[in-house]
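Q: Fold the following.
(one chain, ligands or ions: 1)
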Amino acid sequence: MTDTIGWIGLGNMGYPMAKNLLKAGYALNVYNRTASKAEGLVNDGATLASSIKDLCVESEVIITMLSDDQAVKGIFLGEGGLLNCQAEGKLVINMSTVSPRTSYELEEMSKAVGARFLEAPVSGSVKPAEDGTLLILVGGDEDNYRAAQPIFEKLGKLSFWLGSVGAGSSAKLAINYFLALTLEGLAETVLFAKKNGIKAEDMLRIVNEGACGSPLTKLKTNAIVTNSYPAAFALKHMVKDLRLAVEQGIDFPLAQPLAETYKKAFDKGLGEEDVMAIITYLETLSAD
Ligand code: NAP
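A: Down below sits the predicted model:
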């Protein structure tokens, strides 16, 4: 393990992922817009870079884990951006969820400065990020994937090389569509039962003990029962992912209404809550 890794983005996912690389023994440079969020990692041995340029110069592999397309482009491009900081020869991996189009653009621009690019969005939330059991959905040159594999092994239980750039982000949008459908279905089921006099905890037990139960329904049960939704996967990110899926051409009967429902929940101020807070929004509808 010789690579020094530069990690950009220490949010809910980025922080525990970076921590796992540190634990695995990698030398780690970190950068976050809000520098104070790096404190714990610096105490554990990471080096805080004062600029993206410093991070880039000091690292062989650079990984970004940021909110959305705009944030990722802001970090990659422009004056002082990653691709304007002697990135030649570096392996740059974007693990944030962005559109396939943004991924192609980043690959093209990386190539133009002699950097190697991979997209590697992840499936799994904060707990799998902490446990190093994410699914990593990779698109890009296979040799670059092989080079990154030892790093992915420290972050996930499985990394899939799916083909060229665009494949990883397309797979990620597809799995998050399933996630959105499942959580909407769970929320509607619980609210329908409640409206007919069945307690939420009883309905959730029926779901979880039967064939409809899944790790996901079990994971979200306590939040529903306690009506408490601290963000693991913030609802605002699901709004983004459904918008990207619609832009990518998903046109099944449930797709548009699903995207609109999550967007309306966001407009009601639930964006910073966990995605399961969709039930809070739906409950206001069923109370009308
Ligand atoms: P998060 O907690 O909201 O963190 C977002 C990160 O992006 C923070 O480091 C933030 O910096 C940075 N950022 C946002 N806008 C920026 C900008 N304009 N310039 C520079 N930095 C900016 O997000 P997350 O939950 O870690 O998710 C990160 C990515 O993983 C997203 O694409 C999300 O869709 C995807 N994802 C999330 C989960 C999950 O369960 N949370 C699961 C799978 C995939 P500050 O600290 O300064 O705000």
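
Q: Lys19: helix or strand, and which one exactly?
A: Using DSSP states H and E, Lys19 falls within helix 14-23.

Q: Next one: that helix, is it in contact with the ligand?
A: Yes - for helix 14-23, a contact with the ligand is found by CB under 6 Å from any ligand atom, at Gly14. Where you see a C-beta, it was placed from the backbone N, CA and C, and this is true even at glycine.

Q: Equivalent analysis for stretch 109-128, please.
A: Yes - counting by CB under 6 Å from any ligand atom, the ligand has neighbours in stretch 109-128: Val122, Ser125, Val126.

Q: Identify the residues contacting the residue in the stretch 151-288 of the chain that the ligand sits nearest to.
A: Closest to the ligand within the stretch 151-288 of the chain is Phe233: 3.1 Å, counting by CB to the nearest ligand atom. Listed by CB atoms under 8 Å, 6 or more residues apart in numbering, the contact partners of Phe233 are Asn12, Ser125, Val126, Asp274, Val275.

Q: Which of the residues of stretch 109-128 next to the ligand fall within helices?
A: Val126 (DSSP state H).

Q: mind giving me the domain split of this protein?
A: Using automatic domain parsing, the domain parsing of the chain gives 4-164, 170-287.

Q: out of those domains, deepest packed?
A: The highest mean neighbour count among the domains of the chain, using mean count of other CB atoms under 10 Å, belongs to domain 4-164: a mean of 20.

Q: Below-threshold pLDDT in this structure: ranges please.
A: Counting by pLDDT under 70, the ranges of the chain that qualify are 1-2, 287-288.

Q: So which bits of it are right by the ligand?
A: Neighbours of the ligand within the chain, by CB under 6 Å from any ligand atom: 9-14, 32-34, 37, 65-68, 71, 74-75, 96-97, 122, 125-126, 232-234, 237.

Q: my guess is Gly114 meets Leu91, correct?
A: No - using CB atoms under 8 Å, Gly114 is not in contact with Leu91, being 11.5 Å away.

Q: Centre of this protein to the edge, which residue is at the far end?
A: Gly197 (36.9 Å; CA atoms, centre = their mean).

Q: element containing that one, please.
A: Assigned by DSSP H and E, Gly197 falls within no helix or strand.

Q: got it, and Ser170?
A: Per DSSP H and E: helix 167-195 holds Ser170.

Q: now swap in Cys56 and tell me
A: Using DSSP H and E, Cys56 sits in helix 52-57.

Q: check contacts around the residue nearest to Ala115 when sequence neighbours are not counted.
A: What sits nearest to Ala115 in space, not counting adjacent residues and going by CB to CB, 6 or more residues apart in numbering, is Ala87, at 4.2 Å. Counting by CB under 8 Å, 6+ apart, Ala87 makes contact with Cys56, Ile62, Ser110, Val113, Gly114, Ala115.

Q: quick one, what contacts the first one?
A: Contacts for Cys56 (CB under 8 Å, 6+ apart) come out as Gly6, Ile62, Leu82, Cys85, Gln86, Ala87, Lys90.

Q: redo that, cut-off 10 Å
A: Residues near Cys56 by CB atoms under 10 Å, 6 or more residues apart in numbering: 6, 8, 29, 31, 49, 62, 80-87, 90, 92, 115.

Q: contacting residues around Leu118?
A: Leu118 touches 61, 63, 91-95, 103, 106-107, 110, 136, 138-141, 144-145, 147-148, 152, 161, 165, 168, counting by CB under 10 Å, 6+ apart.

Q: related to what we said a few turns ago, who are the packing partners of whatever helix or strand comes next after the helix holding Ser170?
A: From helix 167-195 onward toward the C-terminus, using DSSP H and E, the following helix or strand is helix 200-209. Judged by 3 or more CB pairs under 10 Å, 6 or more residues apart in numbering; DSSP states H and E, helix 200-209 is in contact with helix 167-195, helix 215-226.
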